[in-house]
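Peer 1: heads up, no residue letters with this:
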């Protein structure tokens, strides 16, 4: 079974530029998560999808962050414009359901904002 | 502010048993406790999940007391390859909202 795929693995941009991350979850997994992980800290949930519906986006900074999950499969997380403090690893995870979920994580995208 | 807390780091030697405890005082009633392992430049990897009492699989055991306000991950006979960061994950009620909260992580170093 293929795992969660994320791209790109690394991204370097200048501040105020836009950036987008892509995630392809495990086939058949209805729930998709985007996390932000700062160095030396645990992942912090940004948004959780059940199929194509964002059921928890309370921790997504909506002034500059947006996400979509068209057709309930792939998802894209966007930042526009990026700020220096956005430098982090962005992790995508998926689970079969949201009940007693076992989340499977992708390798993450390491974003550096200069 | 409710937090999910873990020791920052632990040291051990090969072959020893390691126990890592996570405190989660505001865990949601129906929520499970899940533990993950993370190596550098990789996403977290599932280790074990439980709701109450004791759960065991081929790599670890998970002990959960009756009040469920903490949990202990037990790794039997650790090896060098178990050097990693370990996170607990629970759902908590914060400000009337349900939140998925990762602990801050425990960095385990296994020495020869």
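Peer 2: Thanks, I have the structure now. Treat the numbers as computed from the prediction; the structure is a model and nothing was measured.

Peer 1: Name the residues of the helix or strand bottoming out on mean pLDDT in chain B that are buried.
Peer 2: None of the helices or strands of chain B scores lower by mean pLDDT, DSSP states H and E than strand B:97-102, at a mean of 82. By neighbour count with 16 or more other Cβ atoms under 10 Å in any protein chain shown, strand B:97-102 contains the buried residues B:99-102. To be clear about C-beta, it is placed using only N, CA and C from the backbone, and glycine gets the same treatment.

Peer 1: bridging residues for the spatially most central residue of chain A?
Peer 2: For chain A, residue A:34 is the residue whose C-alpha lies nearest the centre (Cα atoms, centre = their mean; 3.0 Å). Using DSSP bridges, the bridge partners assigned to residue A:34 are residue A:47, residue A:92.

Peer 1: quick one: contacts for it?
Peer 2: A:23, A:45-48, A:67, A:75, A:77, A:90-92 (Cβ atoms under 8 Å, 6 or more residues apart in numbering or on different chains).

Peer 1: which parts of chain A sit against chain B?
Peer 2: Contacts of chain A with chain B, taken as Cβ under 8 Å from any Cβ of the partner chain, map to A:4, A:33, A:35, A:40-45, A:48, A:56, A:58-59, A:91, A:93, A:100-108, A:110.

Peer 1: Apply 10 Å and report the result again.
Peer 2: A:3-4, A:6, A:9-10, A:33, A:35, A:37, A:40-45, A:48, A:55-56, A:58-59, A:89, A:91-93, A:95, A:98-108, A:110 (Cβ under 10 Å from any Cβ of the partner chain).

Peer 1: Got a PyMOL select line for the buried ones in the residues you listed?
Peer 2: Here is the PyMOL command that selects the buried residues among the residues of chain A next to chain B (16+ other Cβ under 10 Å):
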select buried, chain A and resi 4+6+33+35+37+42+43+44+45+48+56+59+89+91+92+93+95+98+101+103+104+105+106+107+108+110
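
Peer 1: so of the residues of chain A next to chain B, which ones are in helices?
Peer 2: Per DSSP state H, helices hold no members of these.

Peer 1: List just the nearest of the buried residues of strand B:97-102 to chain A.
Peer 2: Using Cβ to the nearest Cβ, residue B:102 comes nearest to chain A of the buried residues of strand B:97-102, at 3.5 Å.

Peer 1: For the nearest residue to that closest one once chain neighbours are set aside, give its distance to residue A:71.
Peer 2: Distances taken as Cβ to Cβ, 6 or more residues apart in numbering or on different chains put residue A:42 closest to residue B:102, at 3.5 Å, once the chain neighbours are dropped. According to Cβ to Cβ, to the nearest Å, residue A:42 stands 31 Å off from residue A:71.

Peer 1: that's a helix at residue A:71, yeah?
Peer 2: Yes - checked against DSSP: H, G, I helix; E, B strand; the rest coil, residue A:71 lies within a helix.

Peer 1: for it, what are its contacts?
Peer 2: A:51-52 (Cβ atoms under 10 Å, 6 or more residues apart in numbering or on different chains).

Peer 1: Repeat that for the one 4 residues further on.
Peer 2: When the contact criterion is Cβ under 10 Å, 6+ apart, the partners of residue A:75 are A:6, A:21-25, A:32-34, A:47, A:49, A:52, A:54, A:67-69, A:92, A:94.

Peer 1: Cheers, nothing more for now.
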